[in-house]
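J.: Build me a structure from this.
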Amino acid sequence: MLNASQLIKSNPTADRYNANMTLGPEPRQFRKSLLAWFDENARDLPWRRTTDPYAIWVSEIMLQQTRVAAVIEHYHRFMERFPTLTALAASEEDAVLACWSGLGYYRRARMLHKAAKLAAAEMEGKLPDSSVALRKLPGIGEYTSAAIASIGFGEAIACVDGNVERVVMRLHGWSEVDELAIRGPRASAARIRDAALTLLDPLRPGDFNQGMMELGATICLPRNPLCLQCPVQHLCLTRGEHAIAERTRMRSRKAAYAFVRREPKAKPRVRSLRALAEEAEILLEQRPAGASLMPGMWELPEIDPETNEQETRLMDVRHSITVTNYYVTIYGFETEREGSLPSGAGARRWVKVRELHELPLTGLARKVLKRLKALPGYTGAGPVILVKHQL
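T.: Sure thing, here's the model as predicted:
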């Protein structure tokens, strides 16, 4: 039995730019094979258990640039807090951002909230039922409008995300390098959309689009695709990896933050050590409203990354934002040293541990506070910050 690399070598068209291929796989045969596979193998995801366009919209926004595994927990929490479009529209932005905290790319949450307010005010609290009308809402672009319209309303329109793009190019034997060199980004994208629309099943557009995305996410992988498990391998002209353009290299940057925690001024009447710990306060700083990244979000006070106070070093963590890897060190500061912290660009305030979940924290701050056990959700080894006095 051939593996993926052997399939590439055995396929004379796998590494050749297919400039004349416009029809691609026979659509009816492709639809039948893909949908039969999807019906049998689709992952059980919470947003696939509903036909509510609002729920589908929320999931699609969350899934942009974020892995499915990371979205599921946030999706459940978000839908429980904001079960309807009108509930989302009636909420304050800080509450929406706090519920979104940990997913990153917070502009998505702001645009989601803004669009909900617009729909509530001007569209009777309902999403438009066509892809064209959906695109008039903030934060809804070509792909998202097609996903909502096809899955939520049954519109026969193709969805093309990164997974679908990869599937279409491999099916047709197209090279990304040659596509960009010969046609350019805009014409190449249009060609891929046209090919996806040709394959689309007009009777089951939502299932078909989800099947294409599922195929790209689980079988037709960017590296080492599982060609021998692919339901449409017999229709594919590449059968393996295709040539891709060089991706932007990640940058590296050092950063450091201060963890400052103080005990309750008066000993509260509580029944457990956990409850007492939740009365403690942590010093946070709000990012300026004009910041290019995560404006208005809360984080630990930033300090000089070249500091060398090894005796106060609590932990190291790596955190990625867009194309930058941040190598972060967290230092523990005594309350008395609060005044020695460098002045921040935003306002600072003391926040009770039990109130942390109500604030829109940056993803890094949430990650750090979980690992320091100030927030729940981290079960690995790490420093445990407890109150100093016992009950």
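
J.: gap between the two ends of stretch 173-191?
T.: Terminal residues of stretch 173-191 lie 13 Å apart, using Cα to Cα, to the nearest Å.

J.: Show me what the mean pLDDT comes to for it.
T.: Computed over stretch 173-191, the mean pLDDT rounds to 75.

J.: same check, this time on stretch 211-218
T.: Per-residue scores along stretch 211-218 average to 96.

J.: what's the answer for stretch 317-336, then?
T.: For stretch 317-336, the per-residue pLDDT averages 85.

J.: So which residues make contact with it?
T.: 104, 248-262, 293, 300, 303, 305, 307, 309, 312-316, 340-341, 363-364, 367-368, 371-372 (Cβ atoms under 8 Å, 6 or more residues apart in numbering). From N, CA and C alone the C-beta is placed, and that goes for glycine too.

J.: Narrow those residues to those in strands?
T.: Among the contacts of stretch 317-336, DSSP state E puts 251-262, 303, 313-316 in strands.

J.: May I ask which helix or strand encompasses Ala119?
T.: If you go by DSSP states H and E, Ala119 is part of helix 107-122.

J.: Run through the neighbouring helices and strands of that helix.
T.: helix 53-63, helix 85-89, helix 93-100 (3 or more Cβ pairs under 8 Å, 6 or more residues apart in numbering; DSSP states H and E).

J.: swap the cut-off to 7 Å and go again
T.: helix 85-89, helix 93-100 (3 or more Cβ pairs under 7 Å, 6 or more residues apart in numbering; DSSP states H and E).

J.: Quick check: buried residues in it?
T.: For helix 107-122, a neighbour-count test (16 or more other Cβ atoms under 10 Å) marks 108-110, 112-117, 119-120 as buried.

J.: wait, isn't Ala89 in contact with Ala116?
T.: Yes: at 4.2 Å, Ala89 and Ala116 qualify as touching, with contact defined as Cβ atoms under 7 Å.

J.: What are the structural domain limits within the chain?
T.: As assigned by automatic domain parsing, the chain contains the domains 4-235, 251-371.

J.: returning to what we had before: give me the buried subset of the ones in strands among the contacts of stretch 317-336.
T.: Buried among these (16+ other Cβ under 10 Å): 255-261, 303, 314.

J.: In the residues you listed, find the pair that's most separated.
T.: Ala255 and Arg261 (19.8 Å; Cβ to Cβ).

J.: Show me where this structure has its strands.
T.: Under DSSP E, the chain gives strands at 251-262, 281-286, 298-299, 302-303, 313-321, 324-333, 348-352.

J.: Pull up the pairing partners for the longest one, direction included.
T.: Next to strand 251-262 in the sheet, as set by DSSP bridges, lie strand 281-286 (antiparallel), strand 302-303 (antiparallel), strand 324-333 (parallel).

J.: any chance of these in JSON lines, plus distance to Leu359?
T.: Formatted as JSON lines, the strands paired with strand 251-262 follow (distance: least, Cβ to Cβ, whole Å):
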{"stretch": "strand 281-286", "distance to Leu359": "7"}
{"stretch": "strand 302-303", "distance to Leu359": "17"}
{"stretch": "strand 324-333", "distance to Leu359": "18"}
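
J.: okay, these, which one's buried deepest?
T.: strand 281-286 (a mean of 20; mean count of other Cβ atoms under 10 Å).

J.: Work out the gap between the helix holding Ala119 and the centre of the chain.
T.: Here the centre of helix 107-122 is set off from its chain's centre by 18 Å, with Cα atoms, centre = their mean, to the nearest Å.

J.: Can you tell me what sits against it?
T.: 61, 64, 85-86, 88-89, 93, 96-97, 100, 125-127, 137-140 (Cβ atoms under 7 Å, 6 or more residues apart in numbering).

J.: at 6 Å what do you get?
T.: Contacts to helix 107-122, defined as Cβ atoms under 6 Å, 6 or more residues apart in numbering, come from residues 61, 85-86, 88-89, 93, 96-97, 100, 137-139.

J.: Just give me the closest of these to Ser33.
T.: Closest to Ser33, out of all of those and judged by Cβ to Cβ, is Ile61, at 30.5 Å.

J.: Count the neighbours of that closest one for me.
T.: 24 (other Cβ atoms under 10 Å).

J.: Quickly note the distance from it to Glu73.
T.: Separation of Ile61 from Glu73 (Cβ to Cβ, to the nearest Å): 16 Å.

J.: Likewise for Gly154?
T.: 29 Å.

J.: neighbour count winner among these two?
T.: Taking other Cβ under 10 Å, Gly154 and Glu73 do not tie; Gly154 has more neighbours (15 against 12).

J.: Next, work out how far apart the more buried one and Ile148 are.
T.: Distance from Gly154 to Ile148, counting by Cβ to Cβ: 11 Å.

J.: Ala347 now?
T.: The spacing between Ala347 and Ile148, counted by Cβ to Cβ, is 38 Å.

J.: okay, the two: which has more neighbours?
T.: In terms of neighbours (other Cβ under 10 Å), Ile148 is the more surrounded of Ala347 and Ile148; the figures are 28 against 11.

J.: The more buried one: what's it in contact with?
T.: 53, 56-57, 134.

J.: Could you single out the nearest of the residues you listed to Ile282?
T.: Set against Ile282, the nearest of the contacts of Ile148 by Cβ to Cβ is Trp57 (34.4 Å).

J.: Next one, pLDDT for the closest residue in space to that closest one that isn't next to it in sequence please.
T.: Once flanking residues are discounted, Trp57 sits nearest to Ile148: 5.2 Å by Cβ to Cβ, 6 or more residues apart in numbering. Looking at Ile148, its pLDDT stands at 97.
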